[in-house]
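The sequence isn't on hand, but the structure is:
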């Protein structure tokens, strides 16, 4: 195949992907009218817009992104920047699903920009900005003083963070209320008689570590329970490390009778460590854990869960980025998910 063929060559030979001229020919309309109809321009009648968009879908028309960029300076790309070592697959797939649902009926496409532990998290952001590879960016693992957010703000690039910063700067975000989660978890454990509680927290460098810790300690004071320190591991540690530290903790004379876990995968390790120590979940100790799918009760029915919806997070983040691109004020594009109640296992009807 000749790699140097052009769109005009393909049109002349009847080969290649459909173009605006193809659509214009098939609908009997002018190229300018077709172009505006695809963009939902209000000056084009609703029936004409519907007909053009239907034909475009039927023949598989896609805008030439290189051409769009030359004409408008836009890429029609949203980039989701993810750490490939710390993000678990359920998080990645659900976030992608949520973003994709929102942008499906827009000209925008999603690309995932990965980075690893060995890289500076700012590196992929610099690459996207310096190469003009995306019109908007979504970042996760947000820090209180996040250099990525500051960099994007200084350069006027629309973005949204999964989690909040604490820099005194206004930008779009979507977050889960981890303070409320930890508070409700402690209250529930105290309500079933648990008095010595341990928190498996997020890594200390992330903003939601402070949110979870503050909710946990405030609720301990409220209910009169005591903390059993469990700060030698975080949810970022390996399953085996968390399992080993949990087993060591549970073999002590003064051990927790309740855990609050900030991630479902880490909860599997906590349970394994409890059982390694010869103790029984639901009798000797209870665990309240966040989860993003209904898997924990399949693993152990005795677990207590609070649901966090990552698909909703992806959708909200996409709406925030598109809103900023569309001219909305960044401060109006912030959302916070309230956790569900603590749920015990319920036998299916």
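Done, it's in. Just so we're clear, the structure is a prediction, and the values are computed from it rather than from any experiment.

From now on I want contacts and neighbour counts done on CA atoms only, so please keep to that.
Noted.

now the strands for this protein?
77-83, 109-115, 136-139, 159-162, 173-176, 196-200, 226-227, 258-261, 286-291, 304-307, 334-337 (DSSP state E).

Dump these to a markdown table, plus distance to residue 250.
A markdown table is the format used below for the strands of the chain (distance: least, C-alpha to C-alpha, whole Å):
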| stretch | distance to residue 250 |
| --- | --- |
| strand 77-83 | 32 |
| strand 109-115 | 36 |
| strand 136-139 | 37 |
| strand 159-162 | 34 |
| strand 173-176 | 30 |
| strand 196-200 | 11 |
| strand 226-227 | 14 |
| strand 258-261 | 11 |
| strand 286-291 | 12 |
| strand 304-307 | 19 |
| strand 334-337 | 33 |
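
what about these, which gets the closest to residue 233?
Closest approach to residue 233 among the strands of the chain is made by strand 196-200 (7.3 Å; C-alpha to C-alpha).

Provide the angle between the direction of that closest one and the direction of strand 286-291.
Per axes from the mean of the first three to the mean of the last three C-alpha atoms, to 10 degrees, the angle that strand 196-200 makes with strand 286-291 is 20 degrees.

Can you list the strands that strand 196-200 pairs with?
Strand pairing for strand 196-200, determined by DSSP bridges: strand 226-227 (parallel), strand 258-261 (parallel).

what distance separates it from the middle of the whole chain?
Computed by C-alpha atoms, centre = their mean, to the nearest Å, the chain-centroid distance of strand 196-200 equals 26 Å.

Could you do stretch 260-275 as well?
On C-alpha atoms, centre = their mean, the centre of stretch 260-275 falls 22 Å from the chain's centre.

who touches it?
For stretch 260-275, the surrounding residues in contact (C-alpha atoms under 8 Å, 6 or more residues apart in numbering) are 182, 185-186, 197-202, 235, 239-240, 242-248, 250, 280-281, 287-292, 296.

From residue 107, how far off is residue 77?
8 Å (C-alpha to C-alpha, to the nearest Å).

my bad, should have said residue 119
Distance, residue 119 to residue 107, by C-alpha to C-alpha: 31 Å.

Repeat that for residue 273.
49 Å.

same deal with residue 184?
For residue 184 relative to residue 107 (C-alpha to C-alpha), the value is 41 Å.

And residue 333, by the same measure?
With distances taken as C-alpha to C-alpha, residue 333 is found 20 Å from residue 107.

which of those two has more neighbours?
More crowded of residue 333 and residue 107, by other C-alpha atoms under 10 Å: residue 333, with 21 against 14.

quick one: contacts for the more buried one?
Shown in contact with residue 333 (C-alpha under 8 Å, 6+ apart): 171, 172, 173, 319, 320, 323, 324.

these two touch, right, the first one and residue 330?
Same thing as residue 171. Yes - shown here, residue 171 and residue 330 form a contact pair, counting by C-alpha atoms under 8 Å, at 5.1 Å.

who's more crowded, the two?
Taking neighbours as other C-alpha under 10 Å, residue 171 and residue 330 compare with residue 171 leading, 23 against 19.

need the contact list for the more buried one.
153, 159, 160, 330, 331, 333, 334.

repeat that for 7 Å
By C-alpha atoms under 7 Å, 6 or more residues apart in numbering, residue 171 lies in contact with 160, 330, 331.

Phi first, then psi, for residue 158.
For residue 158, the backbone dihedrals (degrees, to the nearest 10) come out as phi -60, psi 140.

so how far is residue 139 from residue 123?
Applying C-alpha to C-alpha, the value for residue 123 to residue 139 is 13 Å.

neighbour-wise, which of those two wins?
More crowded of residue 123 and residue 139, by other C-alpha under 10 Å: residue 139, with 22 against 11.

So what pairs up with that one in the strands?
Taking DSSP bridges, one obtains residue 81, residue 161 as the residues bridged to residue 139.

Check whether it really touches residue 161, as I assumed.
Yes - contact criterion C-alpha atoms under 7 Å: residue 139 and residue 161 qualify, at 5.0 Å.

Residue 290: neighbouring residues, count only.
Neighbours of residue 290 under the rule other C-alpha under 10 Å: 26.

hmm, back to that, of all the strands of the chain, which one comes closest to residue 211?
Smallest distance to residue 211 across the strands of the chain (C-alpha to C-alpha): 10.0 Å, for strand 173-176.

Point to the residue nearest the middle of this structure.
In the chain, the residue lying closest to the centroid (C-alpha atoms, centre = their mean) is residue 95, at 4.3 Å.

Could you check how far the closest residue to that residue other than its chain neighbours is from residue 308?
Leaving out its chain neighbours, the residue that sits closest to residue 95 by C-alpha to C-alpha, 6 or more residues apart in numbering is residue 314, at 4.3 Å. Counting by C-alpha to C-alpha, the gap from residue 314 to residue 308 is 12 Å.
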